[in-house]
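In: how would this look folded up:
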Amino acid sequence: MDITVIAESSGDGLHPVTAQLVGAAVSIGGTPTLLCAGGVGATEAASIAGVAKVISVVGDCFGTFDGGAWAEALNSVAGGDVIIAAASPSGREIAATMAAMRGIPIVQDATGLAPGITVTRPIYSGKAIETSTVTSPCAITLRANAFAAAGGGGNADVSTVNQSADVAVAVKEAIAKAGERLDVAEADIIISGGRGMGDPANFSHLNEVADMIGAAVGASRAAVDTWDEIPHSMQVGQTGKTVTPRLYIAVGISGAIQHLAGMRTSKYIVAINKDPDAPIFGVADYGIVATWEDALPALKVELGKL
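Out: Modelled structure (predicted):
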């Protein structure tokens with residue numbers, strides 16, 4: 001089965017989820033071709049085990065992200081029966097647009113993939129798991145950290161396709177600059193704060209812990225709605241971002257249903273809350289009944305010993 005995998009980039013290289021996408025494609029008997037938007041990470045992609053070939057798709061349109069333009073540029077060189085992308089904001093948009101261009105179905109946010117294109121994914125805010133079999137051609141987006149990554153040692157051929165003459169993007173206005181801190185949707189470790197932090201200024205303590213462990217900083221909807229200083233881009237939950245990190249640390253978050261829907265599939269969950277009856281402890285692997293004022297300083301001391 002020929003499968004086209006849309007590589008996910010991070011900065012000037014590949015995001016770790018790219019190897020997970022390849023691993024998922026190979027697990028169902030696929031022969032993946034990796035498309036690298038803007039040529040980012042093409043050499044690195046060629047070294048991923050299982051990749052048949054790499055196509056570096058370059059062009060003027062890749063100077064800034066535009067889902068429609070990127071999808072058009074990638075779609076013209078994408079072959080195969082199945083398109084696989086990461087369930088990131090950009091991956092979802094590109095895959096959905098390519099699916100619409102081709103008139104094929106798409107399944108978003110898959111957490112399982114088996115031979116025969118049997119797809120599993122959470123539904124109803126994570127309260128149930130849906131299993132469905134999809135016929136090819138189709139497109140599928142996969143959640144990060146839900147699949148085993150392919151190893152290294154590959155030696156795929158790399159070719160380059162220049163789409164400058166066909167697709168271009170013009171930036172009319174920059175509404176907001178991207179933040180320097182890692183996005184919660186891409187992070188392997190997340191530390192999030194809720195209204196229990198007491199004041200938006202106290203999120204600086206979360207930032208300090210995040211810097212020590214290489215984490216992104218998130219927030220609950222209650223925190224975002226209460227304090228203007230906490231942007232919506234940090235919000236984790238049903239109306240924010242759905243995340244699947246290896247470690248999720250919830251500080252001062254009670255555990256409303258809409259928040260749990262966005263993070264309950266994390267591999268490990270640590271909850272810090274002064275209320276022993278807080279719902280967050282129901283999904284936590286480890287719970288600490290304490291105020292953040294007591295817990296975070298102790299955590300920073302222990303992390304400093306590593």
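
In: which residues does Gly80 contact?
Out: Counting by C-beta atoms under 8 Å, 6 or more residues apart in numbering, Gly80 touches 1-4, 33. For glycine as for every other residue, the C-beta is placed from the backbone atoms N, C-alpha and C.

In: change it to 7 Å
Out: 2-4, 33 (C-beta atoms under 7 Å, 6 or more residues apart in numbering).

In: That one in helix, strand or coil?
Out: coil (DSSP: H, G, I helix; E, B strand; the rest coil).

In: Now do it against Ser10, distance only.
Out: From Gly80 across to Ser10, the span is 24 Å (C-beta to C-beta, to the nearest Å).

In: Val5: which element?
Out: Under the criterion of DSSP states H and E, Val5 resides in strand 2-6.

In: and what of Met101?
Out: Following DSSP H and E, the helix or strand that holds Met101 is helix 89-102.

In: what sits up against that helix?
Out: Residues from elsewhere that reach helix 89-102, judged by C-beta under 7 Å, 6+ apart: 6, 8, 65, 67-68, 70-71, 74-75, 78, 83, 85, 105-106, 108, 137, 139, 141, 185.

In: repeat for stretch 282-291
Out: Residues contacting stretch 282-291 (C-beta under 7 Å, 6+ apart): 255, 260, 264, 268-274, 276, 281, 295.

In: Roughly how far does Lys127 sit from Asn155?
Out: With distances defined as C-beta to C-beta, the gap from Lys127 to Asn155 amounts to 45 Å.

In: Neighbour count for those two, which is higher?
Out: Per other C-beta atoms under 10 Å, whichever of Lys127 and Asn155 has more neighbours is Lys127, with 11 against 8.

In: Now the phi/psi pair for Ser159, please.
Out: In terms of degrees, to the nearest 10, the main-chain angles of Ser159 are phi -120, psi 160.

In: Please tell me I have it right and Ala261 contacts Tyr124.
Out: No - the pair Ala261 / Tyr124 is not scored as a contact, 8.6 Å apart, by C-beta atoms under 7 Å.

In: Those two: which has the busier surroundings?
Out: Set side by side, Ala261 and Tyr124 show more neighbours around Ala261, with 20 against 9, by other C-beta under 10 Å.

In: Surely that one forms part of a helix?
Out: Yes - under three-state DSSP, Ala261 falls within a helix.

In: what's the domain layout of this protein?
Out: Residue ranges for the domains of the chain, per automatic domain parsing: 2-162, 189-304.

In: Tabulate those domains (CSV), appending mean pLDDT and distance to Arg181.
Out: Shown next, in CSV, are the domains of the chain (pLDDT from 0 to 100; distance: least, C-beta to C-beta, whole Å):
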stretch, mean pLDDT, distance to Arg181
domain 2-162, 93, 13
domain 189-304, 94, 6
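
In: Enumerate every residue touching Asp157.
Out: Contacts of Asp157 by C-beta under 7 Å, 6+ apart are Lys53.

In: ok, now Ala210?
Out: Going by C-beta under 7 Å, 6+ apart, Ala210 touches 191, 216-217.

In: From these, pick the one nearest Asn162.
Out: Nearest to Asn162 out of the contacts of Ala210 is Ala216 (C-beta to C-beta; 34.4 Å).

In: Can you give me the distance of the closest one to Val77?
Out: Ala216 sits 32 Å away from Val77, going by C-beta to C-beta.

In: who has more neighbours, the two?
Out: Ala216 (21 against 14).

In: and that one, bridged to which residues?
Out: Beta-bridge partners for Ala216, by DSSP bridges, are Ile190.
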